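Asks: Need a 3D model of the sequence below.
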Amino acid sequence: MLKADRVVLTDGEIYTDVWVIPGDISICVVTDEETLDITRESVRMVTYTDPKAQYMIKTMAMGLLLDTFEEVQETLLDLEITAETVQSYIDELHDDSDTSVEQPKQTTNPYE
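Replies: As a prediction, the model looks like this:
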């Protein structure tokens with residue numbers, strides 16, 4: 001759980017001095033009276049001033065960023081492999097077309 005100074009929802013509701021458990025789909029807000037599971041779409045802002053909470057949130061954000069970079073890198077590698085495959089195929093077509101083209105017969109009669 002991370003200590004948050006404020007959690008502001010999209011409907012204007014504000015929770016102050018609460019504990020937050022961030023998740024992929026929702027965040028869990030723990031107050032003295034209740035525990036709320038709130039969807040991410042309903043959260044406008046969470047303010048963390050506690051140094052440990054700030055460190056954890058930064059670490060989580062960097063982890064998500066690294067995951068995104070890894071996905072992009074995998075996609076680029078796939079595209080590079082695909083591009084190399086296509087280029088090899090095109091090169092093969094050009095090589096085959098060079099050897100299989102028949103030379104026209106040399107005649108002196110232009111009407112043949």
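
Asks: Straight-line length of stretch 8-18, end to end?
Replies: Using Cα to Cα, to the nearest Å, the end-to-end distance of stretch 8-18 comes out at 11 Å.

Asks: same check, this time on stretch 8-20
Replies: 12 Å.

Asks: Show residues contacting it.
Replies: Residues outside stretch 8-20 that contact it (Cβ atoms under 8 Å, 6 or more residues apart in numbering) are 1-7, 27-31, 36, 38, 41-47, 53. Where you see a C-beta, it was placed from the backbone N, CA and C, and this is true even at glycine.

Asks: One more: stretch 53-66?
Replies: 2-4, 20, 22, 48.

Asks: What average pLDDT does that stretch get?
Replies: The average pLDDT for stretch 53-66 rounds to 87.

Asks: what does stretch 92-106 give?
Replies: pLDDT averaged over stretch 92-106 gives 66.

Asks: Count the residues that sit near residue 90.
Replies: 10 (other Cβ atoms under 10 Å).

Asks: Off-centre distance for whatever helix or strand it lives in?
Replies: Taking DSSP states H and E as the criterion, the element that holds residue 90 is helix 51-100. The chain centroid and the centroid of helix 51-100 are separated by 12 Å under Cα atoms, centre = their mean, to the nearest Å.

Asks: for stretch 16-32, same thing?
Replies: 25 Å.

Asks: same question, stretch 28-35
Replies: For stretch 28-35, the distance to the chain centre is 32 Å (Cα atoms, centre = their mean).

Asks: now stretch 33-48
Replies: 24 Å.

Asks: What average pLDDT does that stretch get?
Replies: 95.
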